[in-house]
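# Here is my input; please provide its structure:
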Amino acid sequence: MDYDEPIAHLAEDGRCHTLYDHLTGTAERAAEMAGEFGCSDWGRLAGLWHDLGKYSEDFQRMIRATSWMEAHIETKARVDHSTAGGIYAVEQFGKIGHIPAYLISGHHAGLPDWQSETEGRRALAQRIQKTELLQKTLTSEPPDEILKQRIPQEKPKPGSDHALWIRMLFSCLVDADFLDTESFFEPEKASDREGYPQLSELLPLFTTYMAGKQKEVNDTQVNCLRAAILQRCISKASHQPAIFTLTVPTGGGKTLSSMAFALHHALKYGKRRIIYVIPYTSIIEQTADEFRKIFSDAVTEHHSNLDVTDEKQETSRSRLACENWDAPIIVTTSVQFFESLFASRTSRCRKLHNIINSVVVLDEAQLLPPEFLNPILAVLRELQRNYSVALLLSTATQPALGPHKSFDFDFPGLPDMVEIIDDPLSLHKLFQRVEVQVPENLQTPKTWEGLASELQQHHSVLCIVNRRDDCRQLHQLMPEGTIHLSALMCGAHRSKVIAEIKDRLEKGIPTRVISTQLVEAGVDVDFPVVYRALAGLDSIAQAAGRCNREGNLESGRVVVFVPPSQSPPGHLRQAAEIGRRLLADKMDDPLAPERFEQFFRELYWLKGDGLDKHGILKDLDAKGALQINFRTAARNFHLIDESQQAPVLVRYNKGEELIKLLIRNGPERWLLRKLQRYVVNLPRYLHQKLLADGGIREVSPGIFVQGHGALYHADLGFCPDRSIIYEPDELVG
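Numbering: from 1, shown residues only. Okay, the predicted model is just below:
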């Protein structure tokens with residue numbers, strides 16, 4: 001054991017990771033990553049100085065007395081080693097030094113605010129005043145080849161967003177730091193990250209799969225239209241990179257056609273990976289399963305459920321286990337994708353540089369949350385313009401995202417979008433397979449008992465409601481054998497039930513299903529009759545896509561009804577009220593495409609300044625002085641209010657064995673990937689009550705597991721008390 005050289009890390013078996021090797025190793029990795037957007041010198045500089053504070057005698061004394069890798073995580077009881085490099089950068093380069101100072105000072109605790117009331121002394125403006133930390137470091141005489149660096153001449157592109165540019169550099173630094181650390185502590189796991197196939201190897205697999213699929217289907221009008229859409233996507237893939245839209249009615253095969261576009265476009269223009277972004281955690285499994293049938297282990301499925309939400313709870317092990325999106329095909333949620341783009345935490349940010357030079361498919365783009373719409377569209381514009389990202393917005397109901405002015409309201413939107421389908425209106429008419437029945441009086445609700453009686457008149461019927469408690473209440477009124485479907489069932493459970501529903505329908509077995517709206521996006525079921533509780537026009541159109549999907553009937557039947565409960569407050573209730581008003585204006589086709597243009601413009605106008613409700617863009621405005629409040633913006637950018645929900649791992653099927661492994665071995669990357677299929681989100685108050693009562697327990701920081709089998713019902717999912725009726729504003733999935 002050689003302690004003569006300064007140490008960065010010390011393994012359990014006594015092996016030393018020298019500080020010089022760690023700094024130079026991290027620098028080279030970060031330089032390679034940042035080179036993807038022309039900033040390799042910035043990446044190298046940040047890597048060389050990120051752990052400069054570890055040269056101090058205080059840190060070296062501590063690491064020799066501390067058990068192995070936990071010395072790598074800073075706490076109040078440990079030495080601050082991430083500030084000295086930031087101070088040194090400012091002393092060397094002046095104001096421009098703030099750039100590496102953000103990266104270096106934040107590489108453990110996350111990108112800081114420049115200055116804010118909530119951060120106090122943790123803000124960068126305060127931390128760079130602690131010059132004594134730098135003096136302690138320089139007293140130990142770090143090597144000149146580390147200290148003597150020139151200011152990088154690379155700059156972000158003119159007019160680009162400095163905040164995103166700094167977050168991209170930060171991503172390169174923290175991923176390089178994690179990977180270099182992992183290669184020392186766990187070299188066998190580091191090797192597991194290698195060996196992914198290239199996209200060029202995946203295209204033949206896709207072509208073969210699609211050829212086999214087309215041989216299996218009947219030569220119906222719907223299937224002929226799907227084949228034509230597929231070919232159109234392939235031919236349009238040669239178009240130069242842009243922001244593309246794919247406007248195809250539900251049932252038109254958007255999932256596979258968009259993947260065809262993404263693969264062909266990626267190969268034509270040398271893109272590194274494909275990122276498929278899906279709105280609901282509750283439906284990600286079906287898409288990932290379909291892609292895995294084609295591409296096997298080249299697909300990474302990444303939810304947000306198992307991320308440690310509090311950086312104070314992060315450990316070295318949990319950080320090394322987190323995702324960095326190095327696979328060629330990523331299937332993830334809107335929450336994970338967009339919250340990562342606005343994150344400050346290291347574990348969330350480390351994947352960002354792997355978005356560069358990719359094809360990003362936004363499935364069901366109409367579900368982008370309005371109160372965050374302006375920051376989301378701003379970051380999408382930035383990715384396309386400055387980071388070589390090709391975007392594809394795929395939906396049956398395009399949400400009027402182009403720039404426009406209406407109701408005296410300016411909407412910047414996404415400019416110069418390229419539609420893949422030549423005539424979406426004609427395609428809508430060709431795909432009309434249902435008759436939509438709207439009640440004469442849209443103010444008078446049905447009773448649940450009356451609705452249940454009506455549903456029982458149909459041998460096979462799908463009824464979609466707005467809330468989980470509505471779903472359970474209506475299901476209780478239905479006869480035995482009625483299927484329940486909601487996000488209180490874990491992903492593995494939902495996948496099994498959806499497969500059973502499809503099998504029953506294909507065999508002509510009578511099938512009644514009561515579901516929340518999770519069935520509306522990406523779940524390819526085909527019912528002769530669908531009932532839909534009053535909602536926004538986009539939701540009703542998605543529900544209609546589960547009716548007569550294959551066109552086997554002359555016409556399917558979609559029945560809109562007014563439920564006895566209100567829609568959850570906020571966006572969903574506003575959308576439902578606009579839907580109520582537009583549906584009251586009778587038309588032959590209540591779901592005509594022009595109605596969606598009106599629906600979304602009215603919804604966005606209603607929001608007005610609320611399209612950036614939390615002031616995210618203001619916090620990230622560099623103001624020409626590189627004074628950016630990264631942490632405040634990240635704290636405010638939450639598509640799902642974490643204060644209202646909390647995840648728990650359930651003991652459904654194989655979840656039991658995986659939970660045992662988690663308890664025994666702790667969080668590991670491969671294990672967390674598998675466990676994502678066994679997560680249920682609960683109301684926070686219920687989560688806390690179950691934790692206090694022993695119904696669930698925390699087995700690793702931020703990771704909670706079900707305590708015993710009785711809490712999970714074979715038909716209803718997580719069900720600690722079947723008498724629980726959720727509050728109206730809780731958990732609509």
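
# Residue 567 touches residue 539, doesn't it?
No - if you go by C-beta atoms under 8 Å, residue 567 and residue 539 don't touch, sitting 9.7 Å apart. (Each C-beta comes from the backbone N, C-alpha and C, glycine too.)

# who touches both of the two?
Residues touching both residue 567 and residue 539 (C-beta atoms under 8 Å, 6 or more residues apart in numbering) are residue 575.

# can you give me phi and psi for residue 514?
Residue 514 has phi and psi values of phi -110, psi 120 when expressed as degrees, to the nearest 10.

# Not including adjacent chain positions, what is the nearest residue to it?
Of all residues not flanking residue 514 in the chain, residue 475 sits nearest, at 4.5 Å (C-beta to C-beta, 6 or more residues apart in numbering).

# where does that neighbour land on pLDDT?
Predicted confidence (pLDDT) for residue 475: 97.

# buried residues in whichever strand or helix holds it?
Element membership for residue 475 (DSSP states H and E) is helix 468-476. Within helix 468-476, the residues scored as buried using 16 or more other C-beta atoms under 10 Å are 468, 469, 470, 471, 472, 473, 474, 475.

# other SSEs contacting the helix or strand that it is followed by?
Moving toward the C-terminus from helix 468-476, the next helix or strand (DSSP H and E) is strand 483-485. Other helices and strands packing on strand 483-485, by 3 or more C-beta pairs under 8 Å, 6 or more residues apart in numbering; DSSP states H and E, are helix 468-476, helix 491-506, strand 512-515.

# if you average pLDDT over stretch 557-574, what comes out?
The average pLDDT within stretch 557-574 is 90.

# With just CA atoms, put that stretch into CSV.
What follows is stretch 557-574, C-alpha atoms only, in CSV (Å, rounded to 0.1, in the frame of the first residue of the first chain):
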residue,chain,number,x,y,z
ARG,A,557,-69.1,3.3,-30.6
VAL,A,558,-67.6,5.9,-28.3
VAL,A,559,-69.9,7.2,-25.5
VAL,A,560,-68.9,10.4,-23.7
PHE,A,561,-70.6,10.7,-20.2
VAL,A,562,-70.5,13.2,-17.4
PRO,A,563,-69.2,11.5,-14.3
PRO,A,564,-70.7,12.2,-10.8
SER,A,565,-67.2,13.4,-9.6
GLN,A,566,-65.3,16.4,-10.8
SER,A,567,-62.0,16.1,-12.8
PRO,A,568,-58.9,16.7,-10.6
PRO,A,569,-58.3,20.5,-10.1
GLY,A,570,-55.8,22.3,-12.3
HIS,A,571,-54.9,21.4,-15.8
LEU,A,572,-57.2,18.4,-16.1
ARG,A,573,-60.2,20.3,-14.9
GLN,A,574,-59.5,23.2,-17.2
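
# Check which residues of it are buried.
Quick answer for stretch 557-574 (16+ other C-beta under 10 Å): 557-561, 563-565, 567-568, 571-574.

# which residues does residue 229 contact?
By C-beta under 8 Å, 6+ apart, residue 229 lies in contact with 248, 252, 253, 254, 257, 421, 427.

# Now with 7 Å, please.
Going by C-beta atoms under 7 Å, 6 or more residues apart in numbering, residue 229 touches 248, 252, 253, 257.

# before we move on, back to that, quick one, which of the helices and strands packed on strand 483-485 gets closest to residue 17.
For residue 17, the closest of the helices and strands packed on strand 483-485 is helix 491-506, at 38.1 Å, according to C-beta to C-beta.

# and the closest one, which residues are buried?
Quick answer for helix 491-506 (16+ other C-beta under 10 Å): 491, 492, 493, 494, 495, 497, 498, 501, 504, 505.

# can those residues go into a markdown table with extra columns for distance to residue 432 and pLDDT?
Output for these, formatted as a markdown table (distance: C-beta to C-beta, whole Å; pLDDT from 0 to 100):
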| residue | distance to residue 432 | pLDDT |
| --- | --- | --- |
| 491 | 33 | 88 |
| 492 | 36 | 91 |
| 493 | 34 | 94 |
| 494 | 29 | 92 |
| 495 | 30 | 89 |
| 497 | 29 | 95 |
| 498 | 25 | 93 |
| 501 | 24 | 97 |
| 504 | 26 | 97 |
| 505 | 21 | 96 |
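
# I'd like to know how far the nearest residue to residue 655 once chain neighbours are set aside sits from residue 161.
Distances taken as C-beta to C-beta, 6+ apart place residue 678 nearest to residue 655, at 3.5 Å, with adjacent residues excluded. Note on residue 678: its distance to residue 161, by C-beta to C-beta, to the nearest Å, is 38 Å.

# Also residue 365?
21 Å.

# What does residue 51 show for phi and psi?
Backbone torsions of residue 51, given as degrees, to the nearest 10, read phi -110, psi 30.

# contacting residues around it?
8, 19, 22, 23, 81.

# Name the single longest helix found in the protein.
helix 162-185 (DSSP state H).

# For that one, name the packing helices and strands.
If contacts are counted by 3 or more C-beta pairs under 7 Å, 6 or more residues apart in numbering; DSSP states H and E, helix 162-185 sits against strand 7-10, helix 19-34, helix 40-49, helix 98-105, helix 187-192, helix 316-321, helix 346-349.

# Let's have these in CSV, adding distance to residue 547.
Listed next are the helices and strands packed on helix 162-185 as CSV, based on distance: least, C-beta to C-beta, whole Å:
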stretch, distance to residue 547
strand 7-10, 59
helix 19-34, 47
helix 40-49, 52
helix 98-105, 52
helix 187-192, 45
helix 316-321, 43
helix 346-349, 39
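
# Of all these, which one is nearest residue 124?
Of all the helices and strands packed on helix 162-185, it is helix 98-105 that lies closest to residue 124, at 5.9 Å by C-beta to C-beta.

# which parts of the closest one are buried?
Under the neighbour-count criterion of 16+ other C-beta under 10 Å, helix 98-105 has 98, 99, 100, 101, 102, 103, 104, 105 buried.

# From the chain's centroid, how far away is that helix?
Remark: helix 98-105 is offset 27 Å from the chain centroid, using C-alpha atoms, centre = their mean, to the nearest Å.

# Helices of the stretch 201-350 of the chain, start to end?
Applying DSSP state H, counting those that start in this stretch to the stretch 201-350 of the chain gives helices spanning 221-236, 254-269, 284-295, 316-321, 334-341, 346-349.

# Oh, that last question was meant for the stretch 551-700 of the chain, not what I typed.
Secondary structure of the stretch 551-700 of the chain (DSSP H, counting those that start in this stretch): helices located at 571-584, 593-607, 616-619, 630-636, 655-665, 669-675, 684-693.

# Need the winner for burial among those helices.
Looking across the helices of the stretch 551-700 of the chain with neighbours counted as mean count of other C-beta atoms under 10 Å, the highest average goes to helix 630-636: a mean of 23.

# Compute the distance between the nearest residue to residue 580 once chain neighbours are set aside and residue 586, please.
Of all residues not flanking residue 580 in the chain, residue 442 sits nearest, at 5.1 Å (C-beta to C-beta, 6+ apart). From residue 442 across to residue 586, the span is 11 Å (C-beta to C-beta).

# So those two - more neighbours on which side?
The neighbour comparison of residue 442 against residue 586 (other C-beta atoms under 10 Å) goes to residue 442, with 16 against 8.

# right, and the more buried one touches residue 562 too?
Yes - Residue 442 lies in contact with residue 562 (C-beta atoms under 7 Å); the separation is 6.1 Å.

# Name the residues contacting each of those two.
Counting by C-beta under 7 Å, 6+ apart, the residues touching both residue 442 and residue 562 are residue 534.

# Run through the stretch 151-300 of the chain and note the low-pLDDT ranges.
Scanning the stretch 151-300 of the chain with the threshold set as pLDDT under 70 gives 190-193, 282-283.

# mind redoing it with 80?
188-195, 218, 280-286 (pLDDT under 80).

# One more: the stretch 601-733 of the chain?
605-609, 622-625, 640-645, 669, 673, 708-709, 720-733.

# OK, contacts around residue 45?
Residue 45 touches 100, 149, 152, counting by C-beta under 7 Å, 6+ apart.

# Need the pLDDT of it.
98.
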